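S.K.: The sequence and its predicted three-dimensional model are supplied below.
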Amino acid sequence: MAAVEILGLQKTYQVGFWRKKSKCALKPLHLQVEEGEIFGFLGPNGAGKTTTLKLLMGLAFPSAGSARILGMDFHDPRVKAQIGFLPEQPYFYDYLTARELLEYYARLSGVESKGLSGKISQMLDRVGLRDAAGTQLRKFSKGMLQRVGIAQAVLHGPKVIFLDEPMSGLDPMGRREVRDLMQELQREGKTVFFSTHILSDAEALCDRVAIIHLGQLRGVGAVANLTANVEGKIELVWSGAVVPASLKAMGADCHVTGETVRAVLPERSQDAALEALRREHLRLISLTPVRASLEDYFVAQLQPAEASAGVTA
Amino acid sequence: MSASQRVAAVAGSTLIACLLASIILLRQIDGMRSAATIQEVLYISSPKLLKRLSLGYNGLLADIYWTRAVQYFGGKHHEGARHYELLAPLLDITTQLDPHLSVAYEFGSNFLAPPPPNGAGQPERAIQLVEFGIRNNPNDWRLYYDLGFIYYMNLQEYSKAAAAFLQGSRVPNAHPFLKVLAAQMAEHAGEIQTARLMWLTTYQTARDPSIRANAVAHLRALQVDQDVTALEALVNLYREKSGRLPASFQAMEQAGFLRSLPVDPLGQTYALEANGQVVVRDPDDLPFIRKGVPQGYVPPARPKFLPND
Amino acid sequence: MNTRIGLIAANTFREAVRDRVLYNLIAFALLMSGAAVLVGQISIDIERLVVVNLGLTAVSLFGTVIAIFIGIGLVSKEIDKRTLYTVLSRPVRRWEFIVGKFFGLAGTLAVNTFFMAVGVFAALLYVAHHFQASDGWVLVALYFIVLEFLIITAIALLFSSFSSPLMAAVFAFSLFVIGSFSEDLRGFAAMAHGPGRWLALAAAYLVPNLSALNVISSVAHQQAVSGRLILYNTAYALTYSALALCGAVLIFERRNLK
């Protein structure tokens, strides 16, 4: 069974004082997330990622389309007990302590009060907030709020967890911890759906990704499959601080460091580049294929879209 | 139906049910409270304090109390009451809050002074009220008229009435009748013509519909009094001429004493009693008449002199 | 269902308390003490009158201000700060949220009024040195004030569900003032003519009947309050509050959150 099935969800806003102009935030979206996956939902800011999540959570209502989560209609209240949600830049009741917040949210999700206290302590440990359990949230730093946010999304044992920009505002250590946590959740058999605009995180974590831009889906699939079709690059390293003119003409990206030069160029120019080096009598140190990154795929996808749209939204 | 639609349906129907229920309950509560709100007037021992407490919104508050005064009087009258003890305090508070609300003084002179059931029967308080008005509005000729009116109609103090009318006539833009009335007071005070002139002036210058209706009723009564006096004189003349009382007005008409059958101000024909007295057919519709009242007539608890009667 | 409503209500109460709302009781206590001492010195046989009038008026005004100021933010604050996101992603129905908020604020006001009532009676005891039977009616006046709070809270919540805090405050305050003169409004409407009459009548019946819930001056003069009025006022307050809450639920049910 698919954990999440998005069936043509669409959202158009009426803007302007007389509500005459329409602004399309999300074009009809069709997407499926399998159980046990870590699924990345990528796109630049304003692409429609948060809109999609709001529609799924029932915070906003779609202009058309529907969705199913764990086989049930997405508006069914029974679904809500089995999902967890971390919104972007979360803000919680700042007069509550971390422990009180988690208790409140867990009880609202239907967790029994018996044994809850222990579960909360465990969760606070897990997200590294044990010492701050009794501190009011108004005193929390951004990173601490993010951790509490993850805790409240996970505490009631949901099967599917939705995270909107979970790494935003975290320092490298924090991001590492969140990544580890997400992988732990996967090992526990949960499905994780998260949106981000940081591609390296998606590359490291996701089984599959979807790319969305200007409200429209631009590609779905495993990272490897997506990048397979993007033209590869090679990296040449040679000694001798000379860059042959012909290499530059091929569009090589060169860096000179002391006596060594490192250049990255498209794979198709490989033979021509080697020939150029041989003519100049430059000693080759290494030739390494560079795997196309998700960023390359991303840029390749987005550029034609922006060109056809005329201007970014 | 989705859960959301079910909630909307329940909420919508509950809303309508509650709306209807609240209106029904409201009417019930109003019935219970009508006496209570007005009673609270008695608890305002110091209108000046009230004025201060109103934080400068005394004009609005005066309007509210004025409305209460009019409704109080109309309501009590409708019940056939004979005491209007709260009218004076209500008018006092109204005028303290807004001393320039001249219609309140007019109302007081027309309905505070006359004896019940036509008024509160408190001419002294009415005089105090109007004198307060004159102190605060020395250039309002209407107030001098109101003062003279009270002295004339309810206290029969003709010289004081004359003085008030005279003073009023000196105010710029005063109604021309004031001078005339001042002069009349001297010689013709008790005459029917003077009273008629007074009520006519009130009818023409009053702004409140209750006051105007009251004036009309009085004018009609004066007409009746005049008609009956004239008709009874004619009946006597007939008896002198023919040695017996006329059988009916038709007989008098045939004998040339009348040009047509006489009608009262409401269009009803007068009736000729066997003993030669002339009476009106519907005395209920003509309050205030002194002549032409049928034998054994008992006036109703609620005389008809207000617009809604 | 009821657990969730109870949880939301309890959390709303907790928020109000930690927001130091109950500190208003200190201001109230100072006011009552000052008045009691002052009146005790004058002692011209109207001490009871002044204390009851002042005390009950203060209870009503303080409570109304709190009801409006907290009420207008009950929904809009949660939308602005997006604390609502994590609540509604749980099995909480939107209408449960509204009802829970209502009970939370109503409960806060009831507790607040309780402490103020203690203050009023303490001041009364101080100036009059003993209680008398007619003081029992002061409790009825206080009960009516609580009913008034229910209505005002529901109205503030209704406006909070669709407009900004500032506009909600303006609307709620206007309805409070007009409602306090609702009996006079019906009087005006009855005397009006023409098309304006129907408009005025409609307004006069839709506006909350707060004037009937104000028995402060009659209770201050030791007048009794009829049992029938107590019954009808209770029914009216509950009905009107339910009316406003249904409106809030309807509006909130399909609202897109920003």
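M.R.: On my side now, so go ahead.

S.K.: where does chain C come near chain B, residue by residue?
M.R.: Residues of chain C found near chain B, taking Cβ under 8 Å from any Cβ of the partner chain as the criterion, are C:93-95, C:181, C:183-184, C:186-188, C:190-191, C:205, C:209, C:211-212, C:215, C:217-218, C:220-221, C:226, C:228-229, C:232-233, C:235-236, C:239-240, C:242-243, C:246-247, C:249-250, C:253-254. For every residue, glycine as well, the C-beta is placed using N, CA and C.

S.K.: which of those residues are close to chain A?
M.R.: Near chain A, judged by Cβ under 8 Å from any Cβ, the entries from the residues of chain C next to chain B are C:93, C:254.

S.K.: Now do the strands in the chain.
M.R.: By default, I'm working from chain A. A:2-15, A:21-34, A:38-42, A:64-69, A:72-73, A:83-86, A:160-164, A:191-196, A:208-213, A:216-222, A:233-239, A:253-257, A:260-266, A:283-290 (DSSP state E).

S.K.: Can you look at chain B instead?
M.R.: B:271-272, B:278-279.

S.K.: Buried subset of the residues of chain C next to chain B as a ChimeraX selection?
M.R.: Only the buried members of these end up in this ChimeraX selection, burial being decided by 16 or more other Cβ atoms under 10 Å in any protein chain shown:
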select /C:93,94,95,181,183,184,186,187,188,205,209,211,212,215,217,218,220,221,229,232,233,235,236,239,240,242,243,246,247,249,250,253
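
S.K.: can you tell me which of the residues of chain C next to chain B are in helices?
M.R.: Residues from the residues of chain C next to chain B lying in helices, with DSSP state H as the criterion: C:94-95, C:183-184, C:186-188, C:190-191, C:205, C:217-218, C:220, C:228-229, C:232-233, C:235-236, C:239-240, C:242-243, C:246-247, C:249-250, C:253.

S.K.: Just the pLDDT at the residue in the stretch 151-300 of chain A that chain C sits nearest to, thanks.
M.R.: Among residues of the stretch 151-300 of chain A, the one nearest chain C by Cβ to the nearest Cβ turns out to be A:Gln152. It sits 6.2 Å away. If you check A:Gln152, the pLDDT there is 94.

S.K.: The one 3 residues further on now?
M.R.: What the model reports as pLDDT for A:Leu155 is 93.

S.K.: quick one, phi/psi of it?
M.R.: Main-chain torsions, A:Leu155, degrees, to the nearest 10: phi -50, psi -40.

S.K.: just B:Asn173 next, same as before
M.R.: Torsion angles at B:Asn173 (phi, psi; degrees, to the nearest 10) stand at phi 70, psi 20.

S.K.: my guess is B:Thr94 meets B:Leu60, correct?
M.R.: No: if you go by Cβ atoms under 8 Å, B:Thr94 and B:Leu60 don't touch, sitting 11.8 Å apart.

S.K.: Compare the two (neighbour count), which wins?
M.R.: More crowded of B:Thr94 and B:Leu60, by other Cβ atoms under 10 Å in any protein chain shown: B:Thr94, with 28 against 13.

S.K.: what's near enough to touch the residue nearest the centre of chain B?
M.R.: When chain B is reduced to its mean C-alpha position, the closest residue under Cα atoms, centre = their mean turns out to be B:Asn214, at 3.8 Å. With contacts taken as Cβ atoms under 8 Å, 6 or more residues apart in numbering or on different chains, B:Asn214 has the following neighbours: B:110-111, B:118, B:305-306.

S.K.: again, only using 7 Å
M.R.: For B:Asn214, the contacting residues are B:110, B:305, taking Cβ atoms under 7 Å, 6 or more residues apart in numbering or on different chains as the criterion.

S.K.: before we move on, the earlier item: which residue is the nearest non-sequential neighbour of the residue of the stretch 151-300 of chain A closest to chain C?
M.R.: In space, not counting the residues next to it along the chain, A:Gln152 is nearest to A:Tyr105; the distance is 4.7 Å by Cβ to Cβ, 6 or more residues apart in numbering or on different chains.

S.K.: What does the pLDDT read for B:Ala35?
M.R.: Predicted confidence (pLDDT) at B:Ala35: the value is 68.

S.K.: Repeat that for B:Asn154.
M.R.: With respect to pLDDT, B:Asn154 has a value of 88.

S.K.: can you count the residues close to it?
M.R.: A count of nearby residues for B:Asn154, using other Cβ under 10 Å, gives 20.

S.K.: Over to A:Ala3?
M.R.: The local packing count at A:Ala3 equals 23, with neighbours defined by other Cβ under 10 Å.

S.K.: cool, and C:Val140?
M.R.: 18.

S.K.: Please apply the same query to A:Leu302.
M.R.: Summarising burial for A:Leu302: neighbours were counted as other Cβ under 10 Å, giving 18.

S.K.: Quick check, central residue of chain A?
M.R.: The centroid of chain A falls nearest to A:Thr196 when counting by Cα atoms, centre = their mean (3.0 Å).

S.K.: Tell me what that one is bridged to.
M.R.: In this structure, A:Thr196 bridges to A:Leu42 when assessed by DSSP bridges.

S.K.: That one contacts A:Ala204, doesn't it?
M.R.: No: taking Cβ atoms under 7 Å as the contact criterion, A:Thr196 and A:Ala204 are not neighbours in contact, 11.0 Å apart.

S.K.: and the residue lying closest to B:Leu90 once chain neighbours are set aside, what does it touch?
M.R.: Using Cβ to Cβ, 6+ apart and skipping the chain neighbours, the partner closest in space to B:Leu90 is B:Ala69 (4.0 Å). Residues touching B:Ala69, when contacts are defined by Cβ under 7 Å, 6+ apart, comprise B:87, B:90-91, B:94, B:107.

S.K.: mind running it again at 8 Å?
M.R.: With contact taken as Cβ under 8 Å, 6+ apart, B:Ala69 is in contact with B:87, B:90-91, B:94, B:104, B:107.

S.K.: quick one: which of those residues is nearest A:Asp180?
M.R.: Of all the contacts of B:Ala69, the one sitting nearest A:Asp180 is B:Thr94; the distance, using Cβ to Cβ, is 79.4 Å.

S.K.: Check that closest one and give its pLDDT.
M.R.: According to the per-residue confidence, B:Thr94 scores 91 in pLDDT.

S.K.: low-confidence ranges in the chain?
M.R.: Reading this off chain A. Counting by pLDDT under 70, the low-confidence segments of chain A come to A:229-230, A:303-313.

S.K.: nope, chain C please
M.R.: For chain C, counting by pLDDT under 70, the residues that fall below are C:40, C:43-45.

S.K.: mind checking how far the helix or strand hosting C:Ala123 is from the chain centre?
M.R.: With the criterion set as DSSP states H and E, the secondary-structure element containing C:Ala123 is helix C:94-128. Relative to the chain's own centre, helix C:94-128 is displaced by 9 Å; criterion: Cα atoms, centre = their mean, to the nearest Å.

S.K.: angle of it against helix C:227-253?
M.R.: Taking axes from the mean of the first three to the mean of the last three Cα atoms, to 10 degrees, one finds helix C:94-128 and helix C:227-253 inclined to each other by 140 degrees.

S.K.: List the residues that contact residue 59.
M.R.: Picked chain A for this. With contact taken as Cβ under 8 Å, 6+ apart, A:Leu59 is in contact with C:84-85, C:88-89, C:256-257.

S.K.: um, chain C though
M.R.: Contacts of C:Val59 (Cβ under 8 Å, 6+ apart): C:28, C:113, C:116-117, C:120, C:142, C:145.
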